[in-house]
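Trainee: got a structure for you, letters missing:
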Ligand SMILES: NC(=O)C1=CN([C@@H]2O[C@H](COP(=O)(O)OP(=O)(O)OC[C@H]3O[C@@H](n4cnc5c(N)ncnc54)[C@H](OP(=O)(O)O)[C@@H]3O)[C@@H](O)[C@H]2O)C=CC1
Ligand SMILES: O=C(O)[C@@H]1CCC=N1
């Protein structure tokens, strides 16, 4: 991966995941800068990952060729207005935003017309190197900037480019928010397993090992459809058929569809709010 100074503005969950991934991929800590209002959080990150830290966004941005915007969407405008006022032009720095619901045009406006902006939508499994990230860049972003953003996110998992900015909201629905869907499903399964008499620890083990095994089977059998993998578990007249029939009667497909659409609708609302 090309050696550029990277400044993470906002050192929360996602920035930590990306920093951990970059360090695990041997990216030098001396090239990574992180900012946050919480000096204690910064000291911990500096100790753990050997990176440079400061509470001063402008100082970190000045030291970097790549600026990663990693604050919550509702704090973005205030942060970027201050950054632009203090730094002036961002010159040829690459800006990578991981924020949901803030479009390139809005970021550009907040950054004084800057146009070298890539939007990324990662997810929390990035923390363990198993992230999934969708990326979008407008036409004027150079190949080398695209390659850098992609390499940075590939340090923490898999990546896919999307052709239009609206697709980033679809990525939110399909992977950005999606770890929470699986956690919710696993939570309800574990709760029912406890009601069936298992200890909390055993209930969690039963569910987590099954989720891992199922996901690994999907990965290991790319030519086998998800439907076929399900059918291989479902003996005719057996137990799985009854469980699956119950899900279908409850219209799981429609519920999943509505939940993903709700995530998209919220992302679109955020585009108007922030
Ligand atoms: N969490 C997720 O699964 C995903 C999140 N995202 C996006 O990533 C972004 C960050 O999310 P996440 O890491 O979960 O959020 P966090 O709240 O964990 O991290 C954001 C950090 O930024 C700090 N911060 C707030 N204001 C400033 C400022 N002006 N300058 C510098 N730092 C500041 C916050 O401090 P304090 O807590 O004190 O406010 C916090 O530590 C969001 O925009 C979100 O949309 C994208 C994909 C997945
Ligand atoms: O919930 C959110 O808004 C962020 C974006 C995707 C995952 N977490």
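Mentor: Great, that's in hand. Keep in mind that what you see is a predicted model, and the values were worked out from it rather than measured. Ligands and ions are numbered 1, 2, ... in the order given.
Trainee: Within range of ligand 1, give me the residues from the stretch 51-200 of the chain.
Mentor: Remark: the part of the stretch 51-200 of the chain in contact with ligand 1 comprises 57, 70-73, 75, 79, 98-100, 121-124, 176, using CB under 6 Å from any ligand atom. Using the backbone N, CA and C atoms, a C-beta is placed for each residue, glycine as well.
Trainee: which residue sits farthest out from the middle of the chain?
Mentor: Distance from the centre of the chain peaks at residue 237, with 40.9 Å (CA atoms, centre = their mean).
Trainee: Could you confirm that one falls within a helix?
Mentor: No. Residue 237: not assigned to a helix; according to DSSP: H, G, I helix; E, B strand; the rest coil it is coil.
Trainee: can you give me phi and psi for it?
Mentor: Here the main-chain torsion angles of residue 237 (degrees, to the nearest 10) amount to phi 70, psi 10.
Trainee: what do you get for residue 196?
Mentor: Backbone torsions for residue 196, taken as degrees, to the nearest 10, come to phi -80, psi 0.
Trainee: do the same with residue 27
Mentor: With angles defined as degrees, to the nearest 10, residue 27 sits at phi -70, psi 130.
Trainee: Tell me the secondary structure at residue 135.
Mentor: Assigned with three-state DSSP, residue 135 falls in the strand class.
Trainee: Break this structure into its domains for me.
Mentor: When the chain is parsed with automatic domain parsing, its domains come out as 6-163, 178-271.
Trainee: Can I get these in JSON lines including mean pLDDT?
Mentor: What follows is the domains of the chain, written out as JSON lines (pLDDT from 0 to 100):
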{"stretch": "domain 6-163", "mean pLDDT": "96"}
{"stretch": "domain 178-271", "mean pLDDT": "98"}
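Trainee: For those domains, state which one has the densest average packing.
Mentor: Burial among these, expressed as mean neighbours by mean count of other CB atoms under 10 Å, is greatest for domain 6-163, which shows a mean of 19.
Trainee: quick check, that domain touching ligand 2?
Mentor: Yes. Under the criterion of CB under 6 Å from any ligand atom, ligand 2 is reached by domain 6-163 at residue 100.
Trainee: What's the end-to-end length of that domain?
Mentor: Across its full length, domain 6-163 reaches 25 Å end to end, with CA to CA, to the nearest Å as the criterion.
Trainee: And it, how far out from the chain middle?
Mentor: For domain 6-163, the separation from the chain centroid amounts to 12 Å (computed by CA atoms, centre = their mean, to the nearest Å).
Trainee: where do the strands sit along the chain?
Mentor: In order along the chain, the chain carries the following strands (DSSP state E): 6-9, 32-35, 52-54, 66-69, 94-97, 117-121, 131-136, 157-161.
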